[in-house]
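In: I would like to see how this sequence folds:
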Amino acid sequence: MTALVRLQWWRERISMIYCNKAVNDNQVILELANVIYSAAIPEFLINDYLDGYEQMVYQPFYRNTPNLEKIAAQTTVTLIKILFTTTIQNYSNDQLAYHCGVAWHLMNSLRNTTTERLDEETMVSIVERAEYHINQVKKLIKTAPKEIVKITLQTRLAGLYLKRIRNKKSDVISGKIGYPLINRPLKPISDSHFAVKTCLCSSNIYCRNSLKLIR
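Out: Below you'll find the model as predicted:
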């Protein structure tokens with residue numbers, strides 16, 4: 001598969017960067033190397049992301065909510081951790097990264113899912129789980145540095161999109177959902193691509209431009 005070939009290519013280039021081998025023959029790789037070196041991004045974070053993205057390749061398009069959260073934990077959450085450490089060197093907040101990444105991943109899945117692939121029950125479940133994670137983000141950012149709070153902005157704004165879905169029939173990219181969403185009590189479940197396609201970190205242009213090319 002083309003995606004797997006691309007992933008292998010990136011694995012090799014990432015390995016070269018961390019082994020301090022010459023990468024001057026490719027401007028994109030050179031730019032990524034500069035970001036990695038300047039921000040001291042741990043190699044395991046990038047490898048974790050690539051591993052998660054590889055798992056996505058093997059997954060069918062349709063996924064239930066627990067599977068979506070699992071995929072998010074392997075991909076978007078790892079990306080958020082990378083953005084954290086590129087914004088404030090060695091900064092780590094696994095809980096905030098987890099809830100921020102999962103919420104954004106679920107919301108992005110809603111926006112890119114057609115009615116035919118998403119039944120009412122699954123859609124309601126995704127909305128509820130996304131809202132839960134957004135609420136957790138709002139609690140956790142109270143003690144986070146302001147630079148980190150900026151990274152969570154897109155996730156927090158996603159709450160407005162979810163309210164729009166709850167309040168009226170809503171377009172989800174390809175068609176009308178047409179399902180009235182009913183407020184139901186949230187059933188908590190245990191915490192367990194490159195998915196963030198928009199700007200999550202306005203303070204680090206080089207990081208955004210380099211990392212999105214891995215996709």
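In: What segments of the protein are helices?
Out: Using DSSP state H, the helices of the chain run over 2-18, 27-39, 43-58, 65-74, 76-87, 94-111, 120-140, 146-151, 153-167, 205-211.
In: can you put these in TSV and add mean pLDDT and mean neighbour count?
Out: Just so you know, the C-beta spots here come from the backbone N, C-alpha and C atoms, and that holds for glycine as well. Output for those, formatted as TSV (pLDDT from 0 to 100; neighbours: other C-beta atoms under 10 Å):
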stretch	mean pLDDT	mean neighbour count
helix 2-18	89	14
helix 27-39	87	17
helix 43-58	86	17
helix 65-74	84	20
helix 76-87	91	25
helix 94-111	91	24
helix 120-140	89	19
helix 146-151	93	17
helix 153-167	80	17
helix 205-211	40	18
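In: Burial check on residue 145, number of neighbours?
Out: The criterion is other C-beta atoms under 10 Å. On that basis, residue 145 has 13 neighbouring residues.
In: Now it: closest residue in space that isn't a chain neighbour?
Out: Closest residue to residue 145 in three dimensions, ignoring its sequence neighbours and counting by C-beta to C-beta, 6 or more residues apart in numbering: residue 88, at 6.2 Å.
In: what's the distance between the one you found and residue 122?
Out: Distance from residue 88 to residue 122, counting by C-beta to C-beta, to the nearest Å: 37 Å.
In: just checking, the residue nearest to residue 145 touches residue 149?
Out: No. Taking C-beta atoms under 8 Å as the contact criterion, residue 88 and residue 149 are not neighbours in contact, 11.4 Å apart.
In: circling back: got a pLDDT number for the residue nearest to residue 145?
Out: The pLDDT attached to residue 88 in the predicted structure is 88.
In: One more: the one 5 residues further on?
Out: Per-residue pLDDT puts residue 93 at 93.
In: dump the residue contacts of it.
Out: Residue 93 makes contact with 84, 140, 144, 148 under the criterion C-beta atoms under 8 Å, 6 or more residues apart in numbering.
In: Farthest-apart pair in those residues, please.
Out: When the contacts of residue 93 are compared pair by pair using C-beta to C-beta, the two farthest from each other are 84 and 140, 12.2 Å apart.
In: Could you measure from residue 130 over to residue 111?
Out: Applying C-beta to C-beta, the value for residue 130 to residue 111 is 11 Å.
In: likewise residue 126?
Out: Remark: distance between residue 126 and residue 111 (C-beta to C-beta) = 11 Å.
In: Residue 23 - nearest residue in space that isn't next to it in sequence?
Out: The nearest residue in space to residue 23 (C-beta to C-beta, 6+ apart) is residue 29, at 4.5 Å.
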